[in-house]
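Chemist: Sequence first, then the predicted structure:
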Protein chains: 2
Amino acid sequence: MADPRWLDEREFRAWLGYRRMRLLLDAQIVRDLNRDSGLSDPDYDVLSALSSSKDRRWRLNQLAAHMLWSKSRLSRHISRMEERGLVTREECAADARGADIVLTDGGLRAIEAAAPDHVASVRRHLIDLLTPEQIETLGDIADTVLEHLADDQGDAIP
Amino acid sequence: MADPRWLDEREFRAWLGYRRMRLLLDAQIVRDLNRDSGLSDPDYDVLSALSSSKDRRWRLNQLAAHMLWSKSRLSRHISRMEERGLVTREECAADARGADIVLTDGGLRAIEAAAPDHVASVRRHLIDLLTPEQIETLGDIADTVLEHLADDQGDAIP
DNA sequence: AGCCGTTAGTTGACATGTAACCAAAGTGGC
DNA sequence: GCCACTTTGGTTACATGTCAACTAACGGCT
């Protein structure tokens, strides 16, 4: 920490660009999603994860781990989605503490209706603007960064 | 919108990776920043923008535009930072409605103390993990995406 | 069976972002 | 000069996320 090499021009461009992209791209895609489907970004993530499971059901615990969310965040968000009829909570047979989050028919309809527009939005604002090489590199970068973060966390609790 | 091409494997990997990176990388860098300097991510952004200006002063309006923040968000955040003595508000001579945001000595000290650790954190978790080619490509991707978004907005209000 | 540390999920207090509205001050056409 | 329109900055109401504390249930061990 004593002698920080400052970022050179290219490094700074990448970092600043990443931050601005995060700010504006995400905002745009969230806006599109909300306008087209009335869903928020977190809504979509939850519905997407649930609909990809076999029986449209997931333990809160597992779902949170899969989505990389805190249990607290997921619990609160599920409560909000429950009020809107997108999901329900059911008692878990195997573990009396547990809660199964279940996708309702309404929730399934919502995600199926939202998906095409959402994919189109992601294409329009990101994927279709990039060359195949850039797409590949973006995937590589994310994998590298995430792997490194996972290693860090592993070290922290040995 | 009618016929959405789904994302193929590579495209999906890039998109999912981007989302997860956004979630975890940002969280880690914010954690580091907070631990090392007691500043939040938005704090750092504001201080950084102010300290880069000539006279440590910026119209709220201009500053918001530069940072791509809403005026509302900036106004609220400035209030919080003002309470902690990092910045002050001054009346603007040229426009009685206006507010100049001024970096205090304490604010300058805070950003100068925080910068080395923050840069080190960005290097550790992102920049130093990537090849020069990947860094270049990340910058290219961000520029492409941001330019496209700017065009979109331009079209919206002709 | 009974105890103790761990785990699942929820909740209260709080930090921070957005959207809609407002008052005060500028600006331009007449 | 006067009136309509815009701009600036702030504020209120609300949505959403974090952290820490809490309850209840599980599970290994004796």
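Modeler: Happy to help now that I have it.
Chemist: Assign a three-state SS to the most centrally placed residue in chain A, would you?
Modeler: Most central in chain A under Cα atoms, centre = their mean is A:Asp45, positioned 5.1 Å from the mean C-alpha point. Assigned by DSSP: H, G, I helix; E, B strand; the rest coil, the conformation of A:Asp45 is helix.
Chemist: Who are the contact partners of the closest residue to it other than its chain neighbours?
Modeler: Distances taken as Cβ to Cβ, 6 or more residues apart in numbering or on different chains put A:Met67 closest to A:Asp45, at 6.1 Å, once the chain neighbours are dropped. Glycine gets a C-beta too; all of them are placed from N, C-alpha and C. Residues in contact with A:Met67 (Cβ atoms under 8 Å, 6 or more residues apart in numbering or on different chains) are A:45-46, A:49, A:74.
Chemist: Make JSON lines from these and add distance to DNA strand D and pLDDT to it.
Modeler: JSON lines is the format used below for the contacts of A:Met67 (distance: Cβ to the nearest atom of the strand, whole Å; pLDDT from 0 to 100):
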{"residue": "A:Asp45", "distance to DNA strand D": "9", "pLDDT": "97"}
{"residue": "A:Val46", "distance to DNA strand D": "10", "pLDDT": "98"}
{"residue": "A:Ala49", "distance to DNA strand D": "14", "pLDDT": "97"}
{"residue": "A:Leu74", "distance to DNA strand D": "8", "pLDDT": "98"}
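Chemist: Closest one to chain B out of those residues, please.
Modeler: A:Asp45 (8.4 Å; Cβ to the nearest Cβ).
Chemist: Is there contact, residue-wise, from stretch A:137-156 to DNA strand C?
Modeler: No: counting by Cβ under 7 Å from any atom of the strand, DNA strand C has no neighbours in stretch A:137-156; the shortest distance is 14.9 Å.
Chemist: Distance from the chain centre to that stretch, please.
Modeler: 16 Å (Cα atoms, centre = their mean, to the nearest Å).
Chemist: Buried residues, that stretch. List them.
Modeler: Going by neighbour count (16 or more other Cβ atoms under 10 Å in any protein chain shown), the buried part of stretch A:137-156 is A:137-142, A:144-146, A:148-149.
Chemist: List the buried residues in the helix ranked longest in chain A.
Modeler: Using DSSP state H to define each element, chain A has its longest helix at helix A:9-37. Within helix A:9-37, the residues scored as buried using 16+ other Cβ under 10 Å are A:11-15, A:17-22, A:24-25, A:28-30, A:32-33, A:36-37.
Chemist: per-residue confidence for A:Ala14?
Modeler: Listed pLDDT for A:Ala14 reads 98.
Chemist: what's the answer for the one 4 residues further on, then?
Modeler: In the prediction, the pLDDT value recorded for A:Tyr18 is 96.
Chemist: Could you measure from it over to DNA strand C?
Modeler: 17 Å (Cβ to the nearest atom of the strand, to the nearest Å).
Chemist: Could you do A:Ala49 as well?
Modeler: According to Cβ to the nearest atom of the strand, A:Ala49 stands 14 Å off from DNA strand C.
Chemist: that older thread, the longest helix of chain A and DNA strand D in contact?
Modeler: No: contact of helix A:9-37 with DNA strand D (Cβ under 7 Å from any atom of the strand) is absent, the minimum separation being 9.2 Å.
Chemist: list the helices and strands that helix packs on?
Modeler: helix A:41-51, helix A:105-125, helix B:9-37, helix B:132-156 (3 or more Cβ pairs under 8 Å, 6 or more residues apart in numbering or on different chains; DSSP states H and E).
Chemist: just the angle between the first one and helix B:9-37, please?
Modeler: Taking axes from the mean of the first three to the mean of the last three Cα atoms, to 10 degrees, one finds that helix A:41-51 is oriented at 130 degrees with respect to helix B:9-37.
Chemist: following helix A:41-51, which helix or strand comes up?
Modeler: Moving toward the C-terminus from helix A:41-51, the next helix or strand (DSSP states H and E) is strand A:57-59.
Chemist: so how far is that next one off the chain centroid?
Modeler: 17 Å.
Chemist: what's the closest non-adjacent residue to A:Val122?
Modeler: B:Trp15 (6.0 Å).
Chemist: which residues touch that neighbour?
Modeler: By Cβ under 8 Å, 6+ apart, B:Trp15 lies in contact with A:122, A:126-127, B:7.
Chemist: Quickly check those for the two that are furthest apart.
Modeler: A:Leu126 and B:Leu7 (10.3 Å; Cβ to Cβ).
Chemist: Comparing these two, which residue is more hemmed in?
Modeler: Under the neighbour definition other Cβ atoms under 10 Å in any protein chain shown, A:Leu126 and B:Leu7 were set side by side, and A:Leu126 has more, 24 against 17.
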